[in-house]
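J.: let's see this in three dimensions:
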Amino acid sequence: MTAPELIEKLKELPSDMRIVVAGYEGGFNDIEKLKEIPLVLNAHEEWYYGAHEKSEIDDGVKAIVLLGRNHNDPDVHYNFEK
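T.: Presented below is the predicted three-dimensional model:
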């Protein structure tokens, strides 16, 4: 999904609609951070991995990842950043 596609979908929602991301092992967290990361597209074929992977070098496809935080986590970890 591209930024314009996301914006169009968000425009259709009520302005007070909560947006969440999946939690670490289950449940959902509020989005608290957006981070640009480089991606290697189609890096995984296994069904249990996401299709894409963060590039270890800065030459991947630019993408924004939405990061959520569990307020019950005293170490303030964001999902996908542990």
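
J.: mind listing what's buried along the longest strand along the chain?
T.: Counting residues, the longest strand in the chain under DSSP state E turns out to be strand 28-40. For strand 28-40, burial by neighbour count (16 or more other Cβ atoms under 10 Å) applies to Asn29, Leu39. Placement of C-beta: from N, CA and C, glycine included.

J.: helices along the protein, start to end?
T.: With DSSP state H as the criterion, the chain has helices at 3-11.

J.: was I right to think Asp58 contacts Pro38?
T.: Yes - applying Cβ atoms under 8 Å, one finds Asp58 in contact with Pro38, separated by 5.4 Å.

J.: partners of the longest strand of the chain in the sheet?
T.: strand 20-22 (antiparallel), strand 53-54 (antiparallel), strand 61-69 (antiparallel) (DSSP bridges).

J.: run the chain-centre distance for the first one.
T.: Relative to the centre of its chain, strand 20-22 is centred 8 Å away, using Cα atoms, centre = their mean, to the nearest Å.

J.: try stretch 37-54
T.: Taking the mean of its C-alpha atoms, stretch 37-54 sits 13 Å from the chain's own mean (Cα atoms, centre = their mean).

J.: give the buried residues for it.
T.: For stretch 37-54, by 16+ other Cβ under 10 Å, it's Leu39, His52.

J.: avg pLDDT for that stretch?
T.: Mean per-residue pLDDT for stretch 37-54: 92.

J.: what's the answer for stretch 13-31, then?
T.: pLDDT averaged over stretch 13-31 gives 89.

J.: now it: buried residues?
T.: Val21, Asn29.

J.: output that stretch as PDB, nothing but the C-alphas.
T.: The C-alpha coordinates for stretch 13-31 follow below in PDB (Å, rounded to 0.1, in the frame of the first residue of the first chain):
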ATOM      1  CA  LEU A  13     -13.100   6.500   8.600                       C
ATOM      2  CA  PRO A  14     -14.600   8.600  11.400                       C
ATOM      3  CA  SER A  15     -12.100  11.100  12.800                       C
ATOM      4  CA  ASP A  16     -12.200   9.400  16.300                       C
ATOM      5  CA  MET A  17     -11.500   5.900  15.000                       C
ATOM      6  CA  ARG A  18      -8.700   4.200  16.900                       C
ATOM      7  CA  ILE A  19      -5.900   2.700  14.700                       C
ATOM      8  CA  VAL A  20      -4.000  -0.200  16.200                       C
ATOM      9  CA  VAL A  21      -1.200  -2.700  15.300                       C
ATOM     10  CA  ALA A  22      -0.800  -6.300  16.300                       C
ATOM     11  CA  GLY A  23       0.900  -6.900  19.600                       C
ATOM     12  CA  TYR A  24       4.000  -9.000  20.100                       C
ATOM     13  CA  GLU A  25       2.400 -12.300  20.900                       C
ATOM     14  CA  GLY A  26      -1.200 -11.400  20.700                       C
ATOM     15  CA  GLY A  27      -3.600  -8.600  21.400                       C
ATOM     16  CA  PHE A  28      -3.300  -5.100  19.900                       C
ATOM     17  CA  ASN A  29      -1.400  -1.900  20.700                       C
ATOM     18  CA  ASP A  30      -2.000   1.700  19.900                       C
ATOM     19  CA  ILE A  31       0.300   3.200  17.200                       C
END
